[in-house]
Structures are given as C-alpha cells and as structure tokens.
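In: sharing a model that was predicted from the sequence below.
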Amino acid sequence: MNGDKNRLRSLADVSGDYLQDLLHAGIEPSETGRSGSFLLQDQSVVYSHTSYEGLELMSVSEALDKHEWLSDYLWKVIPADMDQYTVDVGSGANGYFIRSKANAKVTVPVQACLFIASDKIGQKVHNIIIAEENSELHIITGCSVAHSVSSAFHLGVSEFYIKRGAKITFTMIHNWSGGVEVRPRSAMIIEDGGTLINNYILMTPVKSLQMYPTAYCAGKNAKVSFQSIIYASASARIDMGSRAVLKGDHSRAEIISRVVATDDADVTVRSDVIGEGSSSTGHIECRGLMLSDNAAIVSIPELKAMRKNLDLSHEAAIGRIAEEEILYLMARGLSEEEATSVIIRGFLNVDITGLPDALARETKKMLDMHLGKLM
Amino acid sequence: MLEIKDLTVEVGGKEILKDLTLHIERGEVHVLFGPNGCGKTTLLMSILGFPAYKIIHGHIIFKGVDITDLPTNERVKMGIGVAFQNPPRIRGVTLGDMVNIAQGRSEAVIDESVIALADKINIPAVFLRRDVNLGFSGGEVKKSEILQLMAQSPDFIMFDEPDSGVDVDNIELIGGIMCELLDRHKLPSKRKRAGLIITHSGFITRYIRADRAHVMLDGYIACSGMPDEITKNIMEEGFEKCVEKCSAR
C-alpha cells in the first residue's frame, strides 16, 4: 500500500525546484497549520499523511483496499460516461480520499496537491471526499505545474458527499501555466442540513479550462455556495460554470463570480440554479472587469423554477475601471498604476464567507501573492 | 502657499473658469461662496489637476513651484489634500485601506493607530472594514473624507461643501477637526497650514473662522472681503446683491 518507491518522508522533501510551484497553489510544505497533506505528482501518490483525530486521508486505491463500501461511492454523483473526459479517466485512476468521520470537527485544513512535473503528460485523477454526519472538513486543493512543463493535460474527477448536518469548505487554487489544458469534473451531493462552500481561485494563465461542477442540494435545508475569483490573462480560454440543483425543501444556493479579463483572454462564466424543492432560494451574482480590447467576458446566468414557492434571482455586470475611482485614489497620493492595481485587488476581494479565520487569512494571502506578481 | 494666476479652465469644451486669480498665504483659511454651478468645484479639481479640467491659460503655483502641468498624485505628495463632496464608491477597497493609502503605508491591516485616528472623529473600528463610500450616509461620507485627510496631514487642504447633508452634532465635530487640521488653535504666527473651504450655505463658517472670504459668480471671483461681512451680506441679500455691494465700494 505504501510501497511506492517514490514516496517522500515529508512534504518538505519535495524537490526544491517545485517548492515555489506548490506555494503558489496554496500548499504549505512545512505542513504547519494543516491537519493532513497529500501530494500526487504526475500519476503517482508521493506523499500522504495525517495523524489528525477523526480524519482519514489516503489515496483512493488505498482507501478501496481499506473500505469495502467505498466502491459504491465511485462514479455515483458523476456518471462514468458523462463525457469523453470521464470516459478517459475510466476506472483505476488514483487520487485523494478525504473523509471526516461522523461528528468529527476537523477545523484545521487538509491540503491536497495535484502536481504536474513531467512535460507532455496527461494527468488523470479521481478524488472522493466524504464528510460523514455532523462532521466538519476544510480542504485546500492546489493544482500546480512545474515551470519547466510546456504542455500537459489535467483531467480530474471529484465526487463529494456531504452527509446530514455536515459541512465542507473546499478551496481550490489553480496555478497552471499557458501550456496546460484542464478539464475538472466535479459533483456534490448535500444531504439534510449539510453545507458546502466551494471557492475557486485562478490567477495564473492556462491554455484552456472547461468545467461545470454541479451541487445537488438533495436534503432539506441543504446549502451550497460557489465563489469564483478569476484573473484571466495571456491567451487563456476559460469556460467555467457552477450549477446548483435545489431538490430539498428550503435548500439554498449562492453563486458568486468575479472575473478580470486582460490580454487576449476569453472567459465564459455560466451559472445555473434549478429550483425544485419547496421554499428553495437561489441567487447568482457575476461581476466582470475588462482590461483589454482583445479580451472577452461572457456571462450566462440561468434560472429554472419548478415550484411556485421559491425565489431565484441573478445579477450580472461587466464594465471597466471607472476613471473617477482612479482619480480618487490619485488624490490620496497613488500613481495611476498603483490606483489601478488597488481597484483590481478590491474587485477580486470577495469576502469569502464561511471559512475558518486562519483559512480566510491564508486565502487572502494567496490572492495578494498572485496580485503582487501581476502588478 | 497657493497662487492662482489668470486661470482659465475648460470642461468638455465649455469655459468654466475665466481668468481667475487667487492667493492664499501660509496660515490662512479662505472661504469660497457661490451659487451652484458657478465653478467652485471646477476650481478645486483644477488645483488637483484632474485631467477633464483643461487649463487653457494661467498658472497654479504651490509652495513656489509651478504645478500647472503636474499629475494629481505629485501635487498630493507636495502637500495638497482634499475632502470631496461626492466621492466615488470603490468595491472591495475599505475605508481602512484608504486611511493606509493616505498615510502612504503599504500595509493592508487596520492597526491600533488607524483605529485611534478614526476614534477621534467618532468612526467605530468596524466601520473601517466597510467598502469606502458604499452605503455611507451623507454625514458618514464627510467624516470618512476628513479621516483620510487626518491620515494624510496635508499642508494645504480643500474642503468641498463639508457641511452639506450633515446633522448638527456632526458638523460641530467636523468643524473642530477642520480647525485642528488647519492649525486654527495655534497663534496666527505659528500656523503652518492653509485651507480653502467651498460652501454655498456658509453653515460651516460658524464652526471654523476664516481669514478671508470670496464670492464666485460665473467662473470668476466677483468679490472678496472679511468673512463675517460677506456671510452677512449673502445671507441677507443673496450672492448677486452681495457682489453689487462689493463693487459699489
């Protein structure tokens, strides 16, 4: 099980060349302030460790050996034949298995990194995340690529199970480069009183990214929140959506996106809320900021109501940086460039709610680190 | 400290200021009266160097340096500050961030010194975390502007209608801080700073004594004199009559 020859003894043993790439994906090599760490390099699990009470963290292949019941969780929320990419991932792809046991409050975040180190590789991943009844789980997933990689492909299937009364916050940071094509396939089932807060952060270039994660609020009072922060640069082709299917009575969804498009980037933001449950509520908010005439932002919100007693709404706005905002900051002493940078930071500074303080601080630090590099 | 010589300014192709001349010495506070649309705010924006305010001819001299062609932030760094009448809202940029920026600090944290400063103008610490001007009441906008000036501590300060939309309790507080910012509590010979207060109601002059008052009409300064006298004339007879009286003398 732990027999991989390439296994690291600690995350800090990762090759020095890769440390920066990991850091920029929110991964803490010292493992301080983490309840567990997992690293998949190309196709191999090179590190997996936790000693946190109530938390299980290992590769899916190990978990399948350990838990017979786990096979029932594979390809359950996402049909194996959903599209060509899920078919490509097929059976046997490895990934992380993260599980908080019933009633366990794993308040310290788990970190998992999917890392591409080799050029021209197609990385296929299958992850399973389970929060058992009344448990709490906070996950930071960093996807990153070695700067030496000129082209690669990442296919990642992730299936989430948020049981009755459980809560997961899932913060995914993508740190790709201009040669990587990315096709994540994620879906989540949220039972009675369960909560998922899904944060997505993309600050670096990517060749192409297409995803449309779907959260099924199956239970009564199930809640989901998708918050995406995207700084699309270079020639990125991004088509990202978030869908919530509100099946349970009184279930709630909120989809918030902030998109900055510069250079030749092309971004389509889709949002879809389907209201089926009685008294369900859903809100979509998309804001875009255009910084280049060669860039494009398309916002496509969809609402589908299938009950009379529900409330669904959306608002979208795409615009430019207002000159009066720049002048206001200049009147406080900033140069035009500094003022522009402050406004963009502010625009992307979504108040990510629901995260533990330490994680919220780190997420902000991550954003600042990337914005600092950009401007 | 500030010398404006024969300044003519166009906005959107329309001449707003016409050969305007104004001198403000170190230690002095001037009040500028005038009806809506006479060009008061245009003068202020021109002193700041906002690009929409095109200088056709004339000069702006600050601390002996011709700043007519300097960008706004360079003027601010030389010691010019402003409290805007209707500042823009900026999403994601908090009042605390603005205070840090005005102080020239790169930190993004709201620390004890910022909280203490805000406390002086009755702004609670939680308020510093709000996006600047977003959902602020009239009085809150004024206090936020003054707080940013307290952080910046400029040598020459312009206040654009600091009394509009402010209740009585707050106007007293704002007036008190303005006096402090402009060294009014010091002996005249010790006053290092100068100010220009724009007002059309004159309400604020009850709380801060000015050295000189001007009335602006249609883009030029139509009359100047002692603040008490000018205020009285305006209150009793309106701007035009006040100017008539001035020119009759």
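Out: Cool, the structure landed. Numbers count the residues shown, from 1 in each chain, chains lettered A, B, ... in the order given.

In: pLDDT weak spots in the chain?
Out: No chain specified, so I'll use chain A. A:1-6, A:351-358, A:370-375 (pLDDT under 70).

In: not quite, I wanted chain B
Out: In chain B, residues with pLDDT under 70: B:247-249.

In: so A:G54 touches A:V106, yeah?
Out: Yes: A:G54 lies in contact with A:V106 (C-beta atoms under 8 Å); the separation is 5.9 Å. To be clear about C-beta, it is placed using only N, CA and C from the backbone, and glycine gets the same treatment.

In: quick one, which of these two is more surrounded?
Out: The neighbour comparison of A:G54 against A:V106 (other C-beta atoms under 10 Å in any protein chain shown) goes to A:V106, with 26 against 18.

In: spit out the contact partners of the closest residue to A:L137 other than its chain neighbours.
Out: Excluding its sequence neighbours, the residue lying closest to A:L137 (C-beta to C-beta, 6 or more residues apart in numbering or on different chains) is A:S100, at 4.1 Å. A:S100 sits next to A:54-56, A:106, A:130-132, A:135-137, A:166 when contact means C-beta atoms under 8 Å, 6 or more residues apart in numbering or on different chains.

In: most neighbours among those residues, which one is it?
Out: Most surrounded of these: other C-beta under 10 Å gives A:A131, at 30 neighbours.

In: helices and strands around the helix or strand hosting B:I61, which ones?
Out: Following DSSP states H and E, one finds B:I61 within strand B:53-62. Here strand B:53-62 touches strand B:2-11, strand B:14-24, helix B:40-48, going by 3 or more C-beta pairs under 8 Å, 6 or more residues apart in numbering or on different chains; DSSP states H and E.

In: just the closest residue of the stretch 151-300 of chain A to chain B, please.
Out: Closest contact between the stretch 151-300 of chain A and chain B, by C-beta to the nearest C-beta, is at A:R287 (8.1 Å).

In: that residue belongs to a strand?
Out: Yes: counting by DSSP: H, G, I helix; E, B strand; the rest coil, A:R287 is part of a strand.

In: can you pull up the bridge partners for it?
Out: Beta bridges link A:R287 to A:R258, A:A317 when assigned by DSSP bridges.

In: quick one, what contacts it?
Out: A:257-259, A:316-318, A:347.

In: which among those residues end up buried?
Out: A:257-259, A:316, A:318, A:347 (16 or more other C-beta atoms under 10 Å in any protein chain shown).

In: and the furthest pair within those residues?
Out: A:A316 and A:F347 (14.4 Å; C-beta to C-beta).

In: find the nearest non-adjacent residue to residue 71, please.
Out: Just going to use chain A. The shortest distance from A:S71 to any non-neighbouring residue, by C-beta to C-beta, 6+ apart, is to A:L64 (6.4 Å).

In: wait, I meant chain B there
Out: B:P71 sits nearest to B:G49 (C-beta to C-beta, 6+ apart), 6.2 Å away.

In: my read: that neighbour touches B:L70, true?
Out: Yes: judged on C-beta under 8 Å, B:G49 makes contact with B:L70 at a distance of 6.1 Å.

In: buried residues, stretch A:339-348. List them.
Out: Buried residues in stretch A:339-348 (16+ other C-beta under 10 Å): A:339-348.

In: circling back to that earlier point, identify each buried residue in the strand holding B:I61, please.
Out: Applying 16+ other C-beta under 10 Å to strand B:53-62 flags B:53, B:55, B:58, B:60, B:62 as buried.

In: so what touches the very next helix or strand once past it?
Out: Once strand B:53-62 ends, the next helix or strand along the chain (criterion: DSSP H and E) is strand B:65-66. The contact list for strand B:65-66 (C-beta under 8 Å, 6+ apart) reads B:59-60, B:78.

In: repeat that for 7 Å
Out: Outside strand B:65-66, the residues within contact range by C-beta atoms under 7 Å, 6 or more residues apart in numbering or on different chains are B:H59.

In: can you list the strands that that strand pairs with?
Out: strand B:53-62 (antiparallel).

In: which residues are in contact with the partner strand?
Out: B:1-11, B:42, B:45-47, B:66-68, B:75, B:78, B:80, B:156.

In: now do the helices in chain B.
Out: In chain B, the helices defined using DSSP state H lie at B:40-48, B:72-78, B:95-102, B:112-120, B:138-152, B:168-181, B:227-248.

In: same for the last one, what does it pack against?
Out: This points to helix B:227-248. Applying 3 or more C-beta pairs under 7 Å, 6 or more residues apart in numbering or on different chains; DSSP states H and E, we find helix B:227-248 packed against strand B:29-33, strand B:212-217, strand B:220-225.

In: of the ones you listed, which stretch is the most buried?
Out: Most buried of the helices and strands packed on helix B:227-248, by mean neighbour count (mean count of other C-beta atoms under 10 Å in any protein chain shown): strand B:29-33, with a mean of 25.

In: relative to strand B:2-11, how tilted is that one?
Out: On the basis of axes from the mean of the first three to the mean of the last three C-alpha atoms, to 10 degrees, strand B:29-33 is oriented at 30 degrees to strand B:2-11.

In: list the contacts of strand B:29-33.
Out: Contacts of strand B:29-33 (C-beta under 7 Å, 6+ apart): B:24, B:40, B:182, B:194-200, B:202, B:205, B:208, B:210-216, B:227, B:230, B:234, B:239.

In: so what strands line up beside that strand?
Out: strand B:194-198 (parallel), strand B:212-217 (parallel).
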